[in-house]
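# here's a sequence, model it:
(chains A and B)
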Amino acid sequence: MINNCKKIVGGSGEGCALVTMQPINFLAMVDPKTGLITDPKHELHEKSLKDAVLVFPYAVGSSVGAYTIYSLREFGSAPSAVVCSKADITTASGCAIANIPLVDLPKGGAAIRQGVLTRVEADIGRITVKV
Amino acid sequence: MELARDEEEALAGKKGAALASAYRILVAIGEATDATKLLPIKWAHVSGVNYNTIGDAGVQFLDKFSKTARVAIMTTVNPMGYDRSHPEGIPEKFQEEQTSIVRSYEQMGVTPSFTCTPYEVFDIPQKGAPVSFAESNAAVLTNSVLGLMTNKESALSALASSITGKAPLSDLRLEEARKPKVGIEADFKFKSELDYGLLGYFAGKAVKESSVAFSGIAKPSTIEAKALCAAMGTSGSCGMFTIGQGRGEKISFTKKEAKAVMEELSTAEDGDVITLGSPQLGLNELDLLAKLTEGKKFTRRCLIFCSRAIHGQATKVGLTGCLERSGAEFMCDSCTCLTPYVTKEKYDSVVSNSVKGAYYLNYSNKVSVALKDFRTIAKEYAE
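Residues are numbered from 1 along each chain as shown, chains lettered A, B, ... in the order given. Alright, predicted model coming up:
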């Protein structure tokens, strides 16, 4: 369990953790219809954000990435929650309008392992890993 | 972040659904950037206009949002997908959806600027004025060259600021974050605007902080600064640069790092079409290009993207006629990035001087790119 996460967008969500240390350019790297990461150079290439708990550092690049996050929700391909090391404005605004729970990890918090069933409760700042 | 009573009421929906959504966005980005409060701003520049970038979900969102949302402050908007006076080859569905997006923005009361270089078109407020700029090149340039104060906003956060007239007091709207805590030192002499673009792309990837100091380079000209800001905005989250020695960590930018960016983004030796304008070209770039190609003809199709305002000014001084005589074609209101004019069905590869353009042409349009600077392009492709 990880406590003291910072709530950015409230709500709760659960799914398998999809973890990367690489930033994401949502506009250029994500197919909003399928949720797949399309950039062959990204370590999550061909992995899907759909229903996952996306754990990544922060978004980079295009300001329009916020619409990509909104589009993922509209196409039913959104992650069920997002966890950042330092949420940026594109991710925060996209999740706010798409109602995707979003938290920042506390500094020095435990790592979340790839593929593990994870629950994010943004309002109380808690992440629970189900073994 | 503390909200005033009227802001709390708007967030709770007492002033309508559009303002409630806008405050919801502002609260989220305020929390993300550790803001203490919201601050009145003077100007919002909104991205998310090109149908290729926001798609059907974006079209529907804006259609609904614009029924009640109205801009509260001066609001300029980014380029759309194509030039409505050159619809040749643009699918009908694209034109219809693009028209719907434009209608939504106009209904909200924006200034129909369709430019990613609002800093070259509109009067600039006094130094230190807080603004809200989406469009990453414009945010970085506005902070670094013009001395206005903006965070690197998203399409939706700038829209939220546009209809509330407010933005979080945080990060690059505070003096402390504007002082760079990391520096990048270039150890070779830059030859062209392309070198500045390569530096920007490297810097965006290397720097996690909001501001960076560049040393070992001369103060960039406007043309060079545009290339630098656009590339830095594309690869990273850093929203400002200064020229000089920064405090703290120092990173080297040598020919090796420049070559690595070229290897990633310059994916062709040559191209079937030349596209110039990401960011859209300004008068000084058109002037340079006209001088470089005077009395010559482009040996392949050359598309020049600029704002309609700049096109008008360039026409008055004879620059558009001069470039058209060299065979160049102007596309107004649109830009190289994610343009439906350049698709993999039509072209295998593109020549451009824009590192930002090269990134989106490679990754989004799936077309390979030969990156060359202005002078090389004129030398190799105008006879």
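
# for the residue lying closest to residue B:327 once chain neighbours are set aside, what are its contacts?
Once flanking residues are discounted, residue B:327 sits nearest to residue B:298: 4.2 Å by CB to CB, 6 or more residues apart in numbering or on different chains. Yep, even glycine has a C-beta here, placed from its N, CA and C like the rest. Contacts for residue B:298 were tallied using CB atoms under 8 Å, 6 or more residues apart in numbering or on different chains; they are B:274, B:326, B:327, B:328, B:381, B:382.

# what does the stretch 51-200 of chain B put close to chain A?
B:53-58, B:60-61, B:134-136, B:139, B:151-158, B:160 (CB under 8 Å from any CB of the partner chain).

# residue B:187 touches residue B:254, doesn't it?
Yes: the pair residue B:187 / residue B:254 is scored as a contact, 5.1 Å apart, by CB atoms under 8 Å.

# picking that back up, want to throw the contacts of residue B:298 into a markdown table with pLDDT, neighbour count and secondary structure?
Formatted as a markdown table, the contacts of residue B:298 follow (pLDDT from 0 to 100; neighbours: other CB atoms under 10 Å in any protein chain shown; DSSP: H, G, I helix; E, B strand; the rest coil):
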| residue | pLDDT | neighbour count | secondary structure |
| --- | --- | --- | --- |
| B:274 | 98 | 24 | strand |
| B:326 | 98 | 18 | coil |
| B:327 | 98 | 16 | coil |
| B:328 | 98 | 22 | strand |
| B:381 | 98 | 21 | helix |
| B:382 | 97 | 21 | strand |
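
# go through those and name the one nearest chain A.
Nearest to chain A among these is residue B:274, at 22.2 Å by CB to the nearest CB.

# the closest one contacts residue B:303, doesn't it?
Yes: between residue B:274 and residue B:303 there is a contact at 6.9 Å, judged by CB under 8 Å.

# could you pull out the strands for chain A?
A:6-9, A:12-19, A:53-56, A:81-84, A:102-104, A:117-121, A:126-130 (DSSP state E).

# list the helices and strands the third one packs on?
Packing contacts for strand A:53-56, counted by 3 or more CB pairs under 8 Å, 6 or more residues apart in numbering or on different chains; DSSP states H and E, involve strand A:12-19, strand A:81-84, strand A:117-121.

# deepest in the core, which of the ones you listed is it.
strand A:81-84 (a mean of 27; mean count of other CB atoms under 10 Å in any protein chain shown).

# so what strands line up beside that one?
strand A:53-56 (parallel), strand A:102-104 (parallel) (DSSP bridges).

# quick one, what contacts the spatially most central residue of chain A?
Centroid check for chain A by CA atoms, centre = their mean gives residue A:82 as the closest residue, at 2.7 Å. Residues in contact with residue A:82 (CB under 8 Å, 6+ apart) are A:53, A:54, A:55, A:56, A:91, A:95, A:100, A:101, A:102, A:103.

# in the stretch 201-350 of chain B, where is pLDDT below threshold?
Of all residues in the stretch 201-350 of chain B, none has pLDDT under 70.

# enumerate the residues of it near chain A.
So far as CB under 8 Å from any CB goes, the stretch 201-350 of chain B lies against chain A at B:204, B:208, B:233, B:234, B:235, B:236, B:237, B:264.

# run the last query once more with 6 Å
B:234, B:236, B:237 (CB under 6 Å from any CB of the partner chain).

# quickly list what the residue nearest to the centre of chain A is bridged to.
Here residue A:82, judged by DSSP bridges, has bridge partners residue A:54, residue A:102.

# which other residues reach the helix or strand residue B:212 falls within?
Taking DSSP states H and E as the definition, residue B:212 sits inside strand B:211-215. Strand B:211-215 has contacts (CB atoms under 6 Å, 6 or more residues apart in numbering or on different chains) with B:178, B:180, B:182-185, B:203, B:238, B:240-246.

# out of these, which are buried?
If you count burial by 16 or more other CB atoms under 10 Å in any protein chain shown, the buried members of those come out as B:178, B:180, B:182, B:183, B:184, B:185, B:203, B:238, B:240, B:241, B:242, B:246.

# let's see which of those end up in strands.
B:182, B:183, B:184, B:185, B:240, B:241, B:242.

# how long is stretch A:60-78 end to end?
Distance across stretch A:60-78, first residue to last, is 18 Å (CA to CA, to the nearest Å).

# do any residues in that stretch lie close to chain B?
Yes: Stretch A:60-78 comes into contact with chain B (CB under 6 Å from any CB), by way of A:60, A:61, A:63, A:64, A:66, A:67, A:70, A:71, A:74.

# and that stretch, average pLDDT?
Confidence for stretch A:60-78, expressed as mean pLDDT, is 96.

# buried ones in that stretch?
Applying 16+ other CB under 10 Å to stretch A:60-78 flags A:60-75, A:77-78 as buried.

# show me the contact partners of that stretch.
Residues contacting stretch A:60-78 (CB under 6 Å, 6+ apart): A:23, A:25-27, A:30, A:32-35, A:50, A:59, A:90, A:93-94, A:97-98, A:100, B:47-48, B:53-55, B:57-58, B:134-136, B:154-156, B:234, B:236-237.

# any quick ChimeraX command for the buried ones out of those residues?
Per 16+ other CB under 10 Å, the buried members of those correspond to this ChimeraX selection:
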select /A:23,25,26,27,30,32,35,50,59,90,93,94,97,98,100 /B:47,48,53,54,55,57,58,134,135,136,154,155,156,234,236,237
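
# next, the contact list for residue A:38, please.
With CB under 6 Å, 6+ apart, residue A:38 has these contacts: A:29, A:31.

# how much space separates it from residue B:295?
Relative to residue B:295, residue A:38 is positioned 44 Å away (CB to CB, to the nearest Å).

# equivalent analysis for residue B:45, please.
38 Å.

# quick one: which of the two has more around it?
residue B:45 (31 against 8; other CB atoms under 10 Å in any protein chain shown).

# so who does the more buried one touch?
Residue B:45 neighbours (CB under 6 Å, 6+ apart): B:76, B:118, B:133, B:135, B:138.

# the last one looks like it's in a helix, true?
Read that as residue B:138. Yes: checked against DSSP: H, G, I helix; E, B strand; the rest coil, residue B:138 lies within a helix.

# now do the strands in the stretch 151-300 of chain B.
B:166-168, B:182-186, B:211-215, B:240-243, B:249-253, B:273-276 (DSSP state E, counting those that start in this stretch).

# picking up where we left off before, buried set for the strand holding residue B:212?
Applying 16+ other CB under 10 Å to strand B:211-215 flags B:211, B:212, B:213, B:214, B:215 as buried.

# swap in stretch B:66-83?
Neighbour count says stretch B:66-83 has B:66, B:69, B:71-83 buried, by 16+ other CB under 10 Å.

# do stretch B:333-345 as well
Buried, per 16+ other CB under 10 Å, within stretch B:333-345: B:333, B:334, B:335, B:336, B:337, B:338, B:339, B:340, B:341, B:342.

# interface residues of chain A facing chain B?
Checking chain A against chain B by CB under 6 Å from any CB, the hits are A:8-9, A:28, A:58, A:60-61, A:63-64, A:66-67, A:70-71, A:74, A:87-90, A:92-93, A:96-97.

# in helices only, show me those.
Assigned to helices by DSSP state H, the following of the residues of chain A next to chain B qualify: A:28, A:66, A:67, A:70, A:71, A:74, A:89, A:90, A:92, A:93, A:96, A:97.
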